[in-house]
Every structure is written in C-alpha cells, then in structure tokens.
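Colleague: Pasting the sequence and the predicted coordinates here, then a few questions.
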Amino acid sequence: MNSEDQIHAAGRTHVGQRREDNQDQFLIAELRKSMQIHQTSLALDEESTLFGGRNGQLLVVADGMGGHASGRRASNLAVDHLITQLLNNVHWFLHLDEERDQSFIDSLKSLLERTNLKLLNESKQSEEDRGMGTTLTVAYIVWPRMYVVHAGDSRCYLVRSGQCSQITTDHTLARQLVDAGSMKPEDEATSRWSNVLWNVLGGHGENQFTAQVVRVDLLPNDTVILCSDGLSRYVDPNTIVSVVDQFGTDLQGMTDHLIQIANSAGGVDNITVVVGQPGANQPERDTVEPSRTVPLVRLDDESDLQSDQASSMSLQDLQRFANEDTLPDERDRQR
C-alpha cells in the first residue's frame, strides 16, 4: 500500500502518574471494500483478494470504569463489539445518500444502544464485573462528513482555523448543573460532580441510556482529536490549538506532547488521545465535487439489491467498479 493511501491519524495511551492499570482503549482504522476470490473463470489467482478504495475512517476512544480488571474488560468489550457490528453490516462501508442521512444517524444510535446492552448482559455473568462500564466516543468519517457517536465524558474536538470546538457533550452531573443554570461554567472543571457520570455504556443500568450523535461537515485542513478525560482535565482548547499549530502534520509527535502535558500537570488518570487529519490525502476534486453516493443497504433487506442482467464484467471493469461507489446497473454509463 502506498504511503499516500495510509490513514493520516495517530494515537497513544498512557497509564498516567497515579494509576497502576490502564483501562483506556483506542482504535484507528480504515474501512475498505474487499472481495475474497475462491473460484472464478476470470484471469485471477484463486484465493486472491481484491481491495477497493478506502470508504471510511474510524477513530475510537473508550475509558473503562468499575475496578482494575472490570474497567479494562468493559472498554475492551465495547470496542470489540463495535467493530463486530461494523464488519457484519454492509451499509457501513458505503457512501451515504444525503436523503437518508437521518436513517444513518438512527443506525449509529442503535449501534451504541446494542453495545450498551452487550455490556449490561456481560456484567451479569460474574459478581466482580457487576456494574462495569465505559465511555465510548467514535468518529466515523466518510469524507467530507464526520459522524461522532458518544456516551460519557471522553471528548471529540475539532480544530479549524485556529479555533478548537468541543463536538461532544460531557455526560456528567456537573455539566447538567451548568446547563440548568445551577452552576457557573467556570466552576465545572473543579466541581466534585465533574467526575460523576449519568450516562455510560454498561454500569448498573439505572438510567435510560442516551447515545449522542453529531454530524460535522469537514474541511481539508481540519484536525480531529478524541481523548479520555485524563487529557481533557489538564489540557484546555487554547493549549490544543497551540499544540496543533506547533506540530502541524506530525500527528504522533502531537499525541506524545499532549500526553506529556497531562502527565506533567498531575496525570491522576489514564491518558488517551487520538489525532486525525481526514482531509490530508483527499484529492482536490473532493473539495469541489460532491461524493458519489449509494443508498443504504441492510443485510436483512433484499429489496434494495438488483440482479445483474448485463454481460460479465472484465477484470479491468471489476477493478474499476471496486474503486467507485456505484450501483451495478450504473457501470454501463461509465464505459
């Protein structure tokens, strides 16, 4: 794979200065269409694999809680279950139809809700895991759109033109008090309620689970940052902008420096940060032309699938089709 095809993102997690165990998890992934060939009359080697173009990027941060082993298990289960759902549903790998945007957002909410149920069920299997939970913040990027799916107090920031905006909402009692006007915003960070979460995956299931989904339209020079509260409690938005300006496209250096700042300031919790610049390798045409899209297709709904009535595709056509987002009946118009 050429370096130009690589996803432009970096991540790092650190145990911090006070904890003995790291319960955070992170993930950076790219989603591609692929096909495993077993038998064919085409001039292809059997058991070979064809890969299409990159369809999406996935950035994930999870911060587990519930004791050393249980917290780590909770964050691991959440990320693992998330990946399993993505890989077994074909519509996650397709560009989205603008008219069905709300349908996709509903699917993202359902994705987190099912992951929450998975953790609740797992926590019932052993006494030591009872009540385990985790935050989960996911940035699902299908250029130029980013869908942020979130529960808890890990954060997603967007740095654009020298400004840092927090995309997610902290699901803490302190934030609820600020929103209700019962607490001044400047007192939130130091409040004893700032670490009390009312919404996480798993936990004791006492509250109704809420999945926050936010859509952001990205620009080529945007920087996306996901982090656990081990970073956000020490690093404010102005500092984030300064670090982004300092390191530019050196994303690994950026993550290392942010973690160093948090550790130098106390590092009382695990520290995890993921930095991405999704527009770094986008062709210029993507900034002026809309992406080709296809409708969402669910595996349990065959009504959207059309039989192929045209003649067999050549190897060249097959490779071209694998790199473009088209429906089978559109390929004749591309020849």
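Modeller: Looks like it arrived, so ask away. Numbers count the residues shown, from 1 in each chain.
Colleague: Count the neighbours of the nearest residue to Met254 once chain neighbours are set aside for me.
Modeller: In space, and not counting its chain neighbours, Met254 is closest to Phe247: 4.1 Å by CB to CB, 6 or more residues apart in numbering. C-beta: built from backbone N, CA, C; applies to glycine. By the measure other CB atoms under 10 Å, the count of residues near Phe247 is 18.
Colleague: what do you get for Asp269?
Modeller: Count around Asp269 with other CB under 10 Å applied: 23.
Colleague: Quickly find the element holding it.
Modeller: When elements are assigned from DSSP states H and E, Asp269 belongs to no helix and no strand.
Colleague: now do the one 5 residues further on
Modeller: With the criterion set as DSSP H and E, the secondary-structure element containing Val274 is strand 271-276.
Colleague: Only the buried residues of stretch 147-166, if you could.
Modeller: Residues of stretch 147-166 classed as buried by neighbour count (16 or more other CB atoms under 10 Å): 147-160, 164.
Colleague: cool, and stretch 189-203?
Modeller: Quick answer for stretch 189-203 (16+ other CB under 10 Å): Ser191, Trp193, Ser194, Leu197, Trp198, Asn199, Val200, Leu201, Gly202, Gly203.
Colleague: The closest residue to the third one other than its chain neighbours - how many residues pack around it?
Modeller: In space, Ser194 comes closest to Ala174 once its chain neighbours are excluded; the distance is 4.2 Å by CB to CB, 6+ apart. Per other CB under 10 Å, the neighbour tally for Ala174 reads 22.
Colleague: residues contacting Ala174?
Modeller: Met183, Glu188, Ser191, Trp193, Ser194, Val196 (CB atoms under 8 Å, 6 or more residues apart in numbering).
Colleague: on contacts alone, who are the packing partners of the helix or strand harbouring Ile105?
Modeller: Element membership for Ile105, per DSSP H and E: helix 101-123. Secondary-structure packing of helix 101-123 (3 or more CB pairs under 8 Å, 6 or more residues apart in numbering; DSSP states H and E): helix 68-87, strand 136-142, strand 145-151, strand 201-202, strand 212-217.
Colleague: Could you list the low-pLDDT ranges of the stretch 51-200 of the chain?
Modeller: 51-54, 68, 90-99 (pLDDT under 70).
Colleague: rerun that using 80 as the cut-off
Modeller: Scanning the stretch 51-200 of the chain for pLDDT under 80 picks out 51-55, 66-69, 88-100.
Colleague: Helices of the stretch 201-335 of the chain, start to end?
Modeller: Ranges of helices in the stretch 201-335 of the chain, per DSSP state H, counting those that start in this stretch, are 229-232, 237-247, 251-264, 315-322.
Colleague: So which of those is nearest Gln23?
Modeller: Proximity to Gln23 (CB to CB) singles out helix 229-232 among the helices of the stretch 201-335 of the chain, at 10.1 Å.
Colleague: Tell me how far that closest one lies from the chain's centre.
Modeller: Distance of helix 229-232 from the chain centroid (CA atoms, centre = their mean, to the nearest Å) equals 18 Å.
Colleague: May I have that helix exported as CSV, CA atoms only?
Modeller: Output in CSV follows, covering the C-alpha atoms of helix 229-232 (Å, rounded to 0.1, in the frame of the first residue of the first chain):
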residue,chain,number,x,y,z
ASP,A,229,-10.8,12.8,30.5
GLY,A,230,-7.3,12.0,31.6
LEU,A,231,-6.3,14.5,29.0
SER,A,232,-9.2,17.0,28.9
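Colleague: Which segments of the chain make up each domain?
Modeller: For the chain, automatic domain parsing gives the domain ranges 3-37+50-304, 308-335.
Colleague: possible to save the ones you listed as TSV with distance to Ala43?
Modeller: Output for these, formatted as TSV (distance: least, CB to CB, whole Å):
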stretch	distance to Ala43
domain 3-37+50-304	11
domain 308-335	6
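Colleague: Could you identify which of the ones you listed is most buried?
Modeller: Of all the domains of the chain, domain 3-37+50-304 has the most neighbours on average by mean count of other CB atoms under 10 Å, namely a mean of 18.
Colleague: Can you name the residues that contact the closest residue to Lys184 other than its chain neighbours?
Modeller: Distances taken as CB to CB, 6+ apart place Val178 nearest to Lys184, at 7.5 Å, with adjacent residues excluded. Val178 sits next to Lys184, Pro185, Glu188 when contact means CB under 8 Å, 6+ apart.
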